[in-house]
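A.B. asks: Provided below are the primary sequence and the corresponding predicted coordinates.
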Amino acid sequence: LITKEHAYESNGSVYFDVSSFSKYKTILQNISQEDLEEEEEEEEIDYSIIGEKKNPKDFALWKKSKEDEPFWESPWGKGRPGWHIECSAMAIKYLGETIDIHGGGQDLKFPHHRNEISQSEAYTGKPFANYFMHNGFVNIDNEKMSKSLGNFFLVSEVAEEYDPIVIRFFLISSHYRSSINYSLDNMNQTKKNYDKLLTTIKKVKETPLIEGDTEITEKLITLIAEAKKNLIESMDDDFNTPKAIAEIMTLFRNINRAIIENNNKINEKFHDDFFEFIKMVDDIFGIFPNLEKRLQNEFFIPMDEKDELINSLLEIIKYTRSELRAKKVYDLSDEIRKRLRDLGLEIEDN
């Protein structure tokens with residue numbers, strides 16, 4: 001980079017000269033060179049030497065080491081690589097001069113990725129990456145997750161409370177470039193939506209098949225084909241997962257209305273097309289693994305049915321304790337009450 005006059009040494013450090021790279025300001029921005037030149041004229045930026053740098057925006061490729069810092073010997077003295085040059089060196093060595101996809105958080109777009117692109121392309125003369133994908137953040141109750149705020153936790157911790165597939169369903173409900181807000185309300189709503197999907201799948205699976213076509217089955221078959229087309233178009237549009245999920249939810253609502261609410265029968269063509277669609281959704285999003293087991297497992301009972309089941313179980317427990325006390329088996333009755341109290345459930349004996 002020094003030989004190509006894209007960098008210069010100053011006081012034992014080496015800096016990238018941003019003025020030598022004409023695309024520096026337009027990288028990752030949808031503005032034209034013409035607009036940029038007009039902007040610069042208005043700004044009247046002073047490019048005089050400031051400290052060690054010719055330009056305040058010049059960044060370190062090699063940094064002179066301070067006392068007691070790790071260092072390597074170099075033609076410019078003891079020092080270490082700059083933050084940005086490390087990534088370019090590793091990418092070019094192991095992935096080649098042009099890579100297909102470069103990822104990273106939104107906070108790395110500038111200055112890190114802009115500087116990474118500048119130094120790499122100035123060095124190779126080739127595009128550094130064909131696509132940059134910058135992901136949004138997971139916020140907690142509308143605040144950025146961080147250890148300093150005490151709202152930091154791991155996916156493994158959330159997975160103790162929620163099925164990992166529900167977590168995945170929650171994450172893809174937002175576009176990867178957008179931030180998403182994690183809260184108990186949002187997670188519980190996601191779980192309800194996912195349970196609804198499973199309920200619909202189970203209903204279609206259990207509905208008896210009829211011979212021939214009906215107006216309803218023909219309409220539903222058309223809706224499946226449209227949903228499939230729209231889903232693929234959504235994913236082709238920069239992985240627009242929220243739009244794709246909306247297509248799935250809309251289709252399932254229509255199927256619910258036709259089969260569950262109106263008790264319509266289905267034919268083999270609809271049944272096969274529906275489960276082919278489910279397979280496609282699982283291949284893309286991975287939200288229906290081990291589907292047979294999921295449909296049979298009790299913790300995927302819809303929320304309203306779960307509430308009813310829990311209330312019924314509590315009534316059985318209360319009745320059992322009452323019978324035990326009537327038979328003067330107080331030890332066992334008290335043990336049941338103690339264990340319920342440990343779970344946060346209080347029972348008072350009248």
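C.D. replies: Received, thanks.
A.B. asks: contacting residues for the residue nearest the centre of the chain?
C.D. replies: For the chain, the residue nearest the mean C-alpha position is Leu171 (4.0 Å; Cα atoms, centre = their mean). Listed by Cβ atoms under 8 Å, 6 or more residues apart in numbering, the contact set of Leu171 reads Val138, Ile180. Heads up, the C-betas are built off the backbone N, CA and C, glycines and all.
A.B. asks: Could you report the pLDDT at it?
C.D. replies: If you check Leu171, the pLDDT there is 95.
A.B. asks: Lys306 now?
C.D. replies: For Lys306, pLDDT reads 59.
A.B. asks: Kindly report the same for Tyr123.
C.D. replies: Looking at Tyr123, the pLDDT reads 97.
A.B. asks: Strictly from the record, what residue spans define the domains of this structure?
C.D. replies: 7-135, 140-300, 307-342 (automatic domain parsing).
A.B. asks: Any chance of TSV for those, columns distance to Glu348?
C.D. replies: Listed next are the domains of the chain as TSV, based on distance: least, Cβ to Cβ, whole Å:
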stretch	distance to Glu348
domain 7-135	52
domain 140-300	29
domain 307-342	9
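A.B. asks: quick one, strands of the protein?
C.D. replies: 7-10, 13-16, 59-64, 79-81, 99-105, 129-135, 138-140, 143-144, 180-182, 209-210, 266-267 (DSSP state E).
A.B. asks: So what's the residue count around the closest residue to Thr124 other than its chain neighbours?
C.D. replies: Spatially, and ignoring its direct neighbours in sequence, Thr124 is nearest to Glu97 (4.4 Å; Cβ to Cβ, 6 or more residues apart in numbering). Neighbour count of Glu97, defined by other Cβ atoms under 10 Å: 14.
A.B. asks: Relative to Tyr123, how far out is Glu97?
C.D. replies: Distance of Glu97 to Tyr123, given as Cβ to Cβ, to the nearest Å: 9 Å.
A.B. asks: Distance from stretch 54-72 to the middle of the chain?
C.D. replies: Between the centre of stretch 54-72 and the centre of its chain there are 36 Å (Cα atoms, centre = their mean, to the nearest Å).
A.B. asks: Residues in contact with it: which ones?
C.D. replies: Contacts of stretch 54-72 (Cβ under 8 Å, 6+ apart): 1, 7-8, 11-19, 24, 47, 50, 74, 76-85, 111, 115, 119.
A.B. asks: Give me the buried subset of those.
C.D. replies: Buried members of the contacts of stretch 54-72, scored by 16 or more other Cβ atoms under 10 Å, are 1, 7-8, 13-18, 24, 74, 76, 79-82, 84-85, 115, 119.
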